[in-house]
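> I would like to see how this sequence folds:
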Amino acid sequence: MPQATVNGLKITYAETGAGFPLVWCHEFAGSMESWAPQVSFFSPHYRVITYNARGYPPSHVPTDPHAYSQDRAVEDLYQLLRSLDIRQAYVGGLSMGGSTALHFGTQHPDIARALIVAATGTGSTDPVLFRQQCEAVARRIENGGMAAMQEYAAGPTRVQLRRKDPAAWEQFAQRFAAHSPVGSALTMRGVQAQRPSIFDCRDQLRALDLPTLIMAGDEDEPCLEPALFLKRNLPRAGLVLFPQSGHAINLEEPDRFNRAVLDFLTAVEAGAWAQPEESSGVGFLTSSPP
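Residues are numbered from 1 along each chain as shown. Purely as a prediction, here's the structure:
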């Protein structure tokens, strides 16, 4: 696979198809391979770009804990697009990748034409507890390697994928088990634990004039309140909930996921996605955050 030199690191990426760029950022437990259902669906229409974040081989795995943060993840994406001579793109992601996409939009609104933010915001409702949990996960990986993360792959927001598609879940679990323990632990500690709560980003969200599609599974409890908060505060957002679905909605419900994204992008391209003054949010924009 090709690699780009990004901020002094080698980042592995893939390009499929032609047309306007559509970039997908993967979750903590995923990788660029996690987007296979989206690559095959969207590549006849778009230039689809996937990549492995720093810490995810064959991308480089820095051993310096300070090399991992939300801002560095955004900067890596920015530099990757520059290296590919991409001046504007649709930017999407799931979970950790959704946070990268969202913060990329707030920092580079001139490059992101529209955002797809899926299963994003875990830990926002109780950041202190979440940071403690992230530290515990990082230590577990350091002490026991990726084998110590078997329960994570079968957690309460992952069992939905196993129920719906056991083969897809098994592939997900095997790929997760092959991740770098060093990269995973440092990503958990530096990116996941230290990123800002969605609820602390109200001002940046309200100033973001980009079409945004928010998606979540209705059984992905940690992401439900953040999804509503994003809908209430992003001026041009739409929200899609997937019934009886957990965290990895792009794998659980690939057809529904792809169709929702395609409908969104089609509306954006047709100028049919509501402008801020045309959208009333969910009716309680002035409510206090959860």
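> Contacts made by stretch 186-196 with the rest, please.
28, 53, 55-56, 62-63, 65-70, 72-73, 96, 99, 103, 123, 130-131, 134-135, 137-138, 141 (CB atoms under 8 Å, 6 or more residues apart in numbering). Yep, even glycine has a C-beta here, placed from its N, CA and C like the rest.
> Can you name the element that comes right after the helix or strand containing residue 114?
Using DSSP states H and E, residue 114 sits within strand 112-118. Going down the chain from strand 112-118, the next helix or strand is helix 127-144, by DSSP H and E.
> ranges for the helices of the chain?
Counting by DSSP state H, residue ranges of the helices within the chain are 36-42, 70-83, 96-107, 127-144, 150-153, 159-164, 166-177, 181-187, 202-206, 221-233, 249-252, 254-269.
> Show me what the fifth one is packed against.
By that I understand helix 150-153. The contact analysis (3 or more CB pairs under 8 Å, 6 or more residues apart in numbering; DSSP states H and E) places helix 150-153 against helix 166-177.
> what packs against the helix it packs on?
Helix 166-177 packs on helix 150-153, helix 159-164, going by 3+ CB pairs under 8 Å, 6+ apart.
> so how many other residues sit close to residue 219?
A total of 18 residues lie near residue 219 under the criterion other CB atoms under 10 Å.
> Quick one: residues contacting the nearest residue to it once chain neighbours are set aside.
The shortest distance from residue 219 to any non-neighbouring residue, by CB to CB, 6 or more residues apart in numbering, is to residue 246 (5.1 Å). With contact set as CB under 8 Å, 6+ apart, residue 246 has these partners: 156-161, 217, 219-220, 252.
> Just the buried residues out of these, in PyMOL syntax.
Only the buried entries of those go into this PyMOL selection, using 16 or more other CB atoms under 10 Å:
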select buried, resi 157+158+160+161+217+219+220+252
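> Switch the contacts of residue 246 over to JSON lines; also include distance to residue 242.
Listed next are the contacts of residue 246 as JSON lines, based on distance: CB to CB, whole Å:
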{"residue": "156", "distance to residue 242": "16"}
{"residue": "157", "distance to residue 242": "12"}
{"residue": "158", "distance to residue 242": "14"}
{"residue": "159", "distance to residue 242": "15"}
{"residue": "160", "distance to residue 242": "9"}
{"residue": "161", "distance to residue 242": "12"}
{"residue": "217", "distance to residue 242": "5"}
{"residue": "219", "distance to residue 242": "9"}
{"residue": "220", "distance to residue 242": "9"}
{"residue": "252", "distance to residue 242": "7"}
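> Between the contacts of residue 246, which sits nearest residue 238?
Nearest to residue 238 among the contacts of residue 246 is residue 217, at 16.3 Å by CB to CB.
> Report the beta-bridge partners for the closest one.
residue 242 (DSSP bridges).
> could you measure it against residue 180, distance?
27 Å (CB to CB, to the nearest Å).
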